[in-house]
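Undergrad: Make a model of this:
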Amino acid sequence: MWDKFISFFNSIVIHGLLFAILVISITWQKIPEIKISPSSPEPEQPVMQAVAMNEEQWLATIKNNEKTSVPITKLEQSLIDKRQALNELRQQKQLEVQRLALIKQRQVTEAAALEKFKREQIERRKLEKQARLAKIAEEKRRQIAEMARLKRREKLRRAYEATEQARIAKEKKREAVKLALLARKQRRDAAERARLAREKQRRAARRARLIRERKQAAKRAERARSLAQKRQTQLAKERARRIAEEKKLQAEEDEKKKLVERKKLDEDKAKNRKTLIKTTVKNIQTQVLSKWIRPRGANNNTSCVIELRVKSNGVISSVIVSESSGDKVFDQSAVVAIRRSSPLPIPAELSDTFKHFKFTFRPK
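TA: The predicted structure follows:
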């Protein structure tokens with residue numbers, strides 16, 4: 001609309017200037033008349049041609065006047081001013097046309113940019129929708145994996161409980177067998193003590209009998225010295241044999257006592273070693289837990305079995321996950337905590353026991 005208004009205004013100005021030029025031209029000389037229809041839909045081109053023709057005729061008239069030394073009147077000066085104004089209007093119109101072309105070009109560019117923005121918006125919404133659907137699918141897969149992990153963990157827990165119950169039953173059976181063996185041993189010891197008491201009585205009776213025999217032998221010595229001598233020799237042999245038997249029995253009794261004492265010592269030593277092993281395992285568990293960083297989502301029911309190889313000074317040389325908890329993040333956190341706990345608090349007397357062992361990591 002603004003373009004039409006400017007065109008209409010320029011048309012009016014040009015028509016006014018043309019009318020003035022035509023009047024002056026008719027006054028000075030006869031110039032062919034140029035008719036321009038004011039109702040023409042595109043008046044700019046005919047008007048510009050008419051102006052060009054009138055300007056040429058007007059310039060020719062000015063030159064003729066200059067040749068004849070006719071002085072320039074105020075009207076001519078006015079026409080010159082109007083011609084300059086017309087040129088300025090032309091320049092303004094050209095600038096306006098350029099400005100409008102730039103506006104139109106900017107509008108086209110903005111329309112293209114808007115169209116591109118709309119396409120980008122549609123593409124972004126499409127990508128967001130795809131990402132949202134992918135996220136939903138991933139969440140569904142994660143939930144399915146979590147359910148499967150929980151089922152595996154429940155299965156492992158049940159298997160562990162069954163194994164633990166079987167171990168307890170086996171331990172009870174072993175304890176019952178141990179008690180039966182201990183009762184049998186006590187009965188054997190009681191029988192042995194009774195036998196030793198009977199043997200002692202027999203030896204006492206034998207000594208008494210020997211004394212009686214010696215007295216009898218002394219009485220009979222006078223009657224039969226040779227026979228007595230022979231009998232004494234036999235008695236001496238018998239006495240030596242009996243003494244040897246008594247020493248042998250005493251040695252056997254002492255050896256049995258030593259065996260009993262040694263066995264009791266071994267049992268005490270084994271019991272103390274077992275207690276020391278339990279204490280060492282507890283100390284290792286405490287030290288590893290102090291180095292452990294709980295992963296997000298980990299709970300106290302999760303556990304894994306770690307296979308360790310340890311040097312004599314407690315330094316860890318190898319860490320392998322023997323039985324996974326089903327959660328790789330949890331397993332890795334346990335491995336890292338164990339490595340950070342090196343060297344382990346292992347007594348020197350248990351270095352062979354803990355040289356290669358399995359450690360159950362359970363954060364309780």
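
Undergrad: how about L102, what does it touch?
TA: Shown in contact with L102 (Cβ atoms under 8 Å, 6 or more residues apart in numbering): no residues. For glycine as for every other residue, the C-beta is placed from the backbone atoms N, C-alpha and C.

Undergrad: how near is it to L114?
TA: Distance, L102 to L114, using Cβ to Cβ, to the nearest Å: 18 Å.

Undergrad: How is L308 assigned, secondary-structure-wise?
TA: Per DSSP: H, G, I helix; E, B strand; the rest coil, the secondary structure class of L308 is strand.

Undergrad: Pretty sure F357 is one of the things it touches, is it not?
TA: Yes: using Cβ atoms under 8 Å, L308 is in contact with F357, at 6.0 Å.

Undergrad: Quick one, grab the pLDDT at V260.
TA: V260 is assigned a predicted lDDT (pLDDT) of 79.

Undergrad: which residues touch it?
TA: Counted by Cβ under 8 Å, 6+ apart, V260 has contacts D189.

Undergrad: For the protein, which segments count as strands?
TA: Counting by DSSP state E, one finds strands in the chain at the ranges 304-310, 316-323, 356-361.

Undergrad: Put together a markdown table for those strands, with mean pLDDT and distance to Q250 on each row.
TA: Putting the strands of the chain into a markdown table (pLDDT from 0 to 100; distance: least, Cβ to Cβ, whole Å) gives the following:
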| stretch | mean pLDDT | distance to Q250 |
| --- | --- | --- |
| strand 304-310 | 93 | 50 |
| strand 316-323 | 93 | 55 |
| strand 356-361 | 90 | 47 |
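
Undergrad: how deep is F357 tucked in, by neighbour count?
TA: F357 has 15 neighbours, counted by other Cβ atoms under 10 Å.

Undergrad: Repeat that for E349.
TA: Close neighbours of E349, defined as other Cβ under 10 Å, add up to 9.

Undergrad: roughly how far is stretch 249-263 from the heart of the chain?
TA: 64 Å (Cα atoms, centre = their mean, to the nearest Å).

Undergrad: Most tightly packed of the strands of the chain?
TA: Neighbour counts (mean count of other Cβ atoms under 10 Å) averaged over each of the strands of the chain peak at strand 304-310, with a mean of 18.
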